[in-house]
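In: Take a look and give me a structure for this.
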Amino acid sequence: MARVRVYRNHQEAWGEWRRLGIPDRAFTRFDLASRQFIFIDSVDPEEVSALQEELAPKGVTVLPCRGDRALVAITPLTLENLLMSGASPRVLEMGEALRFRNEVEPPIFEWSGGSVDLSRPRVMGILNVTPDSFSDGGQNLDVDTAVHRALTMKEEGADIIDIGGESTRPGSAPVSPDQEWSRISDVVRRVCEEVGLPISVDTRRPEVARKALRAGAVMVNDISGLKDEMIDVVRTEGAAAFIMHMRGEPSNMQEDTRYVDVAGDVYAHLERRVRKAVASGIPGERLAIDPGLGFAKDVDGNLEIMSRLDEFRSMGRPVLLGASRKTFLGKISGGGPEDRLEASLAAAVVACWQGVQMFRVHDVKETVRALRAASAMRAGISPRST
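Out: Predicted coordinates:
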């Protein structure tokens, strides 16, 4: 699949092109304002040569890059003409990616029996039923307390409640599936019965996901990227799923934070997981993606992704942002998890401005208000007039 890349200036473009192994002599060919830059992932040298042969006569430049990808520089008019006159599958992918990124219409996100309208930003309230989560560990261990917290988040404007029973902070130790389910089972059942919102289960274990879905949850939030057994659970239970990027396990994920191009590499990984899930029988409309801020990324990597979230819309799937109270925000603004509200709201606004549709947060009321304002400013329309 293709990915649309918008550069803010020549310095940003040239720095990235050098990292990707594009020869310096190619740099002066391009006027950033007059061309679309589109990356195509998972291409071998033979396919790059075929694309060059197809597109060079049309004035299109195709450059091979590190990481089995190619950069296509093309004017919007040329791309439009190619699409109208009949084009190869790769050119059709480029046109589709550009259409998705330009938000012709919001993506569909649904499950068997329901859906979420993404014509406005949606907030997922975090409900951790754990003793050791980095921000709210130990606060919701009692079932009544957890249900009350879910009801409070609903009153504050949450659209989804995300229930988790295992801490996945960097360096955290795993718990057994039985222990994880024992923590959340009563909470899932009661929140599903009493709160009246779509419920997501935050788990990487297929057996826990299946039990939660049969108890009333409708979504799986899987930090491990929807592997084979989890794909089967989501498919057979008719659920929706969030596919997140991570390397390794929470206990060791911060040992490898090196990338050739962090946003491009994460995008390519998520694209492969989406393709695998769809090929295995899950409708694409039931899948959303999450770049996994804080999971196998250093501070600079997280900030690079934050500045390029708009690229992830090229996939045509809803994008979930999970930046709330994370360590990288503390590194740039100071303070512990409880002191990161302002930075968390800044991250939500930056993401909203780039077209991100879903936000996983601790501070629901404040985020809902910030997103309502940011969304209205971005659209130039008061919420009261829509």
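
In: Can you verify residue 39 is assigned to a strand?
Out: Yes. Residue 39 forms part of a strand when assessed by DSSP: H, G, I helix; E, B strand; the rest coil.

In: which residues touch it?
Out: Applying Cβ atoms under 8 Å, 6 or more residues apart in numbering, we find residue 39 in contact with 2-3, 5, 65, 69-72, 264. For the C-beta atoms, the positions are set from N, CA and C on the backbone; glycine is no exception.

In: same deal with residue 378?
Out: Going by Cβ under 8 Å, 6+ apart, residue 378 touches 352-353.

In: so which helix or strand takes in it?
Out: Using DSSP states H and E, residue 378 falls within helix 364-379.

In: Let me know the closest of the contacts of residue 39 to residue 356.
Out: Within the contacts of residue 39, proximity to residue 356 (Cβ to Cβ) peaks at residue 3, which comes in at 15.6 Å.

In: mind checking how far that closest one is from residue 280?
Out: Distance, residue 3 to residue 280, using Cβ to Cβ, to the nearest Å: 23 Å.

In: circling back: out of the contacts of residue 39, which is nearest to residue 93?
Out: Of all the contacts of residue 39, residue 93 sits closest to residue 2, with 4.4 Å by Cβ to Cβ.

In: got the contact list for the residue nearest to the closest one when sequence neighbours are not counted?
Out: The shortest distance from residue 2 to any non-neighbouring residue, by Cβ to Cβ, 6 or more residues apart in numbering, is to residue 97 (3.9 Å). For residue 97, the contact set (Cβ under 8 Å, 6+ apart) comprises 1-4, 38, 314-316.

In: Show me which pair in the residues you listed is furthest apart.
Out: Of all the pairs that the contacts of residue 97 form, the one spanning the most space (Cβ to Cβ) is 38 and 316, at 14.1 Å.

In: Check the offset of the helix holding residue 378 from the chain's centre.
Out: Distance of helix 364-379 from its chain centroid, counting by Cα atoms, centre = their mean, to the nearest Å, is 19 Å.

In: same question, stretch 341-360
Out: 12 Å.

In: which phi and psi does the residue at minimal distance from the centre of the chain have?
Out: The centroid of the chain falls nearest to residue 290 when counting by Cα atoms, centre = their mean (2.3 Å). The phi and psi values for residue 290, taken as degrees, to the nearest 10, are phi -140, psi 120.

In: Which residue ranges of the protein form strands?
Out: For the chain, the strands defined by DSSP state E cover 2-5, 36-41, 61-65, 69-74, 109-111, 114-116, 122-128, 160-164, 199-202, 219-222, 240-244, 287-290, 320-321, 358-361.

In: Next, count neighbours for residue 346.
Out: 17 (other Cβ atoms under 10 Å).

In: Let me know the distance separating the residue nearest to residue 2 from residue 73.
Out: Residue 97 is 15 Å from residue 73, where distance means Cβ to Cβ.

In: thinking again about what came up before, more neighbours: which of residue 3 and residue 280?
Out: Between residue 3 and residue 280, residue 3 has the larger neighbour count (other Cβ under 10 Å), namely 25 against 13.

In: got a pLDDT number for the more buried one?
Out: Per-residue pLDDT puts residue 3 at 97.

In: can I assume it is in contact with residue 38?
Out: Yes. With contact defined as Cβ atoms under 8 Å, residue 3 counts as touching residue 38 (6.8 Å).

In: so what's the closest residue to residue 180 other than its chain neighbours up against?
Out: Excluding its sequence neighbours, the residue lying closest to residue 180 (Cβ to Cβ, 6+ apart) is residue 165, at 4.2 Å. Residue 165 is in contact with 129-130, 175, 179-184, 202-203, 208, counting by Cβ under 8 Å, 6+ apart.

In: Narrow these to those that are buried.
Out: 129-130, 175, 180-181, 183-184, 202-203, 208 (16 or more other Cβ atoms under 10 Å).
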